[in-house]
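**Q** attaching a predicted model along with its sequence, questions to come.
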There are 2 protein chains.
Amino acid sequence: METAATHIVVLGAGFGGLTFCQTFRHPNARITLVDRQNHHLFQPLLYQVATAGLSAPEIAQPIRSILKDSRNVTVLLDQALDINLATKTVNLEHNTLHYDYLVLGLGGVTSYFGHPEWEQFAPGLKSIDDAIRIRRQILLAFERAENARHSEELDQLMTMVVVGGGPTGVELAGAFAELARYVLKSDFKHIDPQRARVILLEGSPTIMAHFPPELQTSARTQLEKLGVDVRTSARVKTIRKECVELEDGTSILAANIIWAAGVSANPLTKKLGVELDRAGRIKVQPDLSLPGHPEVFAIGDLVLSLGDKGKPVPGVSPAAMQMGKHVASLIEEEVTSGPVPPEDRTPFEYWDKGTMATIGRSKAVAKIGHFEFSGFTAWLAWLGVHLIFLVGFRNKIAVLFQWAYSYFTYKRGARLITGLSNDAPLPPKQN
Amino acid sequence: METAATHIVVLGAGFGGLTFCQTFRHPNARITLVDRQNHHLFQPLLYQVATAGLSAPEIAQPIRSILKDSRNVTVLLDQALDINLATKTVNLEHNTLHYDYLVLGLGGVTSYFGHPEWEQFAPGLKSIDDAIRIRRQILLAFERAENARHSEELDQLMTMVVVGGGPTGVELAGAFAELARYVLKSDFKHIDPQRARVILLEGSPTIMAHFPPELQTSARTQLEKLGVDVRTSARVKTIRKECVELEDGTSILAANIIWAAGVSANPLTKKLGVELDRAGRIKVQPDLSLPGHPEVFAIGDLVLSLGDKGKPVPGVSPAAMQMGKHVASLIEEEVTSGPVPPEDRTPFEYWDKGTMATIGRSKAVAKIGHFEFSGFTAWLAWLGVHLIFLVGFRNKIAVLFQWAYSYFTYKRGARLITGLSNDAPLPPKQN
């Protein structure tokens, strides 16, 4: 008698979902991986696409390509609309899937803390399309600045505000400062690079809150050396077109405002009927399963903490990958030997490999185990780690080449304004 | 007494306009170069972006970057709306320019021979945005095919029609055939690569009309070896959504229809009040100036022929570059020694360096002087020539790397579906 193979549905081909599919090995199970994009995105380098350093295909790899040797995985380009835990069904836009096990790796979305209307004025950075939109907007501001006639207009065009002093905000602010300093200077005739201002706003008293205090200070100093105006305890009151208003009454006029302040879990978690935090993340069991649903697991940025006494796991890619691997081994075991009650399963333990953020050319901060680095050493470590984890041999070489090129020439390789015909504003009317 | 510098306005930063700016050297003249894109596009490789072989930034270079050492050139990101030859004025969308000399290098647009309504069903390939749109559409068709349940639906999804058997059509058809043959086979689980069909439609009795007969035959044989269905004397009657109807009554159902059949001059030429052919191209004087306007020159794809007895110059990049250089030397001379009547100026002579087209891996046709090549030798020549002329050191290395990668791995480096959120259709609803 043939046993019907166990069907595992994985939602999301981010670091967690992809690692699950790459790790899971059992002949008597089939996996359906669903993502609404055809590519896995190496999100840690997305800010370099937004700042014209890398081109989009260099940090994205077709999911099918990555998994082409996993014969038991079917990849579907589709979007999950609803999940019914009672009937073990996932409704996609173009299909309906029944599962024996469900792995939720849907990741996060940009969150505006209850002000979705700010998005149009301060785009976030989660997808390739976001990055290309930001790149277009920034490069267009430079073009407008080159033709600006009035001093106030020029100031506004040459000002960039990054909201949020976490790693993404810090990396963006550093990359913008370098773009303005080096690229503007050599290519534009009328722009005075001294005029370019990059302002990093952080609501709490310090940037890089999850880093040790010495590295926070070092990151701030390195940013300031690049000319970034770092303002901590600066809470945003409202954002309008090309204007940020702070709670202390200050207004900043800036042609480019980028939002890097908040991430919340994919809103689909709200339909699960389980306990969530304010950011929509799930309080999973120690084994990463959902309370009351041992056949459903959440991984990556969807996870708040492990049980009641668990401490929060940071929303970084190594955590998501470790979770994917953990869930794969739990399900493999059950497919082999039958169900195990959640309380008897091996609990997930996060192994903190360290954290790092790059600030610019030869500038970074890193914490690996008990070691803390900053400056050139941290930057080299950052380069190495990101190259090792970048998916796809071709992409590694291509990115290495772009970085070497930028390092030695002070140029950026992807200064392309595209999509002009659709929605981008053209330079303003002149007098 | 200081003489006011001569002002030269150049419209378009294609091969012609850019070469003009790079060649022109005279301290007592200033040039304003206007383009509605921020980048110069290496159009001969655009089909490789459309077929997921190269990423957009690899064949595009910021115009400012290319011209950063030309201190007398000002680059404007703007669009020409009208030209007044009597008042020597160009109206841009955001500016008005007065010129002493005007160089028109506006290039061509896709022409549907009086059927603009076909464009929505059969996009042409002139810009980066076009290429990314085609890439998205083709890759989505593969995704839909993977999930298709019905045989007829699958056939339609796996059929690509290229209309037009000139070099662009031949190159596109070859690249599509390779994409379907090699990429589909390895990455998709359900698609049978034998089912993929690429049909090349040409209205005249032969493809590659401007090539010698032996090379036409060779190109056809090489395409057929790749599995391309080449149909000559096949005239299109009408194009509907995913359907091409031919004049002989045949209908072809195809999810992807690409238009490579016609190019006409930028429609701005219609506002000049000079004699044009049906494709909007200008009958210039032997020196490339407009009849009656010795201070206005047309170069590149805007030019039909040289005077009444001149033979047509092909719309290829070497011709545009030679024209840009010729006009630069004429104007330089006049700025130095005063005006010369058009009839006394050196006439332009096109030096035919040869033509070539690539059909696929190790497949091409080339004619250089009296030598005709096909197959591997022609392909190597094609690679070399395109690398030499590709603007920008970084781009050369990046493209060389991508080509080497694709050659040895049979993979494509830029299989990215982007812009999904805006206008692209998702896979169809399934039963």
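**A** Arrived safely.
**Q** tell me what the helix or strand containing A:Thr377 is packed against?
**A** With secondary structure defined by DSSP states H and E, A:Thr377 is part of helix A:376-389. Judged by 3 or more C-beta pairs under 8 Å, 6 or more residues apart in numbering or on different chains; DSSP states H and E, helix A:376-389 is in contact with strand A:355-360, strand A:363-368, helix A:393-409. All C-beta atoms are positioned from the backbone trio N, CA, C, and that covers glycine.
**Q** out of these, which gets the lowest mean score?
**A** Among the helices and strands packed on helix A:376-389, helix A:393-409 carries the lowest mean pLDDT, at a mean of 69.
**Q** what's near enough to touch A:Ser151?
**A** By C-beta atoms under 8 Å, 6 or more residues apart in numbering or on different chains, the contact set of A:Ser151 is empty.
**Q** again with A:Asn72
**A** Counting by C-beta under 8 Å, 6+ apart, A:Asn72 has contacts A:26-27, A:29-31.
**Q** possible to save those residues as a markdown table with pLDDT, secondary structure and neighbour count?
**A** Converted to a markdown table, those look like this (pLDDT from 0 to 100; DSSP: H, G, I helix; E, B strand; the rest coil; neighbours: other C-beta atoms under 10 Å in any protein chain shown):
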| residue | pLDDT | secondary structure | neighbour count |
| --- | --- | --- | --- |
| A:His26 | 88 | coil | 18 |
| A:Pro27 | 88 | coil | 9 |
| A:Ala29 | 94 | strand | 19 |
| A:Arg30 | 95 | strand | 17 |
| A:Ile31 | 96 | strand | 26 |
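**Q** what's the farthest-apart pair in those residues?
**A** Using C-beta to C-beta, the pair of the contacts of A:Asn72 lying farthest apart is A:Pro27 and A:Ile31, separated by 12.1 Å.
**Q** coming back round to it: could I have the helix holding A:Thr377 exported to PDB, CA atoms only?
**A** Output in PDB follows, covering the C-alpha atoms of helix A:376-389 (Å, rounded to 0.1, in the frame of the first residue of the first chain):
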ATOM      1  CA  PHE A 376      38.200  49.200   8.700                       C
ATOM      2  CA  THR A 377      38.300  45.700  10.400                       C
ATOM      3  CA  ALA A 378      34.600  45.700  10.900                       C
ATOM      4  CA  TRP A 379      34.100  46.800   7.300                       C
ATOM      5  CA  LEU A 380      36.200  43.900   6.000                       C
ATOM      6  CA  ALA A 381      34.300  41.500   8.200                       C
ATOM      7  CA  TRP A 382      31.000  42.900   6.900                       C
ATOM      8  CA  LEU A 383      32.100  42.500   3.300                       C
ATOM      9  CA  GLY A 384      33.200  38.900   3.900                       C
ATOM     10  CA  VAL A 385      30.100  37.800   5.700                       C
ATOM     11  CA  HIS A 386      27.700  39.400   3.200                       C
ATOM     12  CA  LEU A 387      29.600  37.800   0.300                       C
ATOM     13  CA  ILE A 388      29.500  34.400   1.900                       C
ATOM     14  CA  PHE A 389      25.700  34.500   2.500                       C
END
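**Q** just give me how far it sits from the chain centre.
**A** Chain-centre distance of helix A:376-389: 18 Å, with C-alpha atoms, centre = their mean, to the nearest Å.
**Q** near chain B, which residues of the stretch 51-200 of chain A show up?
**A** Proximity of the stretch 51-200 of chain A to chain B, by C-beta under 8 Å from any C-beta of the partner chain, involves residues A:55-58, A:60, A:62, A:64-65, A:68, A:71, A:74-79, A:93-95, A:127-129, A:132, A:139-140, A:143, A:146-147, A:186-189.
**Q** for the residue lying closest to A:Ser317 once chain neighbours are set aside, phi and psi?
**A** The shortest distance from A:Ser317 to any non-neighbouring residue, by C-beta to C-beta, 6 or more residues apart in numbering or on different chains, is to A:Phe15 (4.3 Å). When read as degrees, to the nearest 10, the backbone of A:Phe15 gives phi -60, psi -40.
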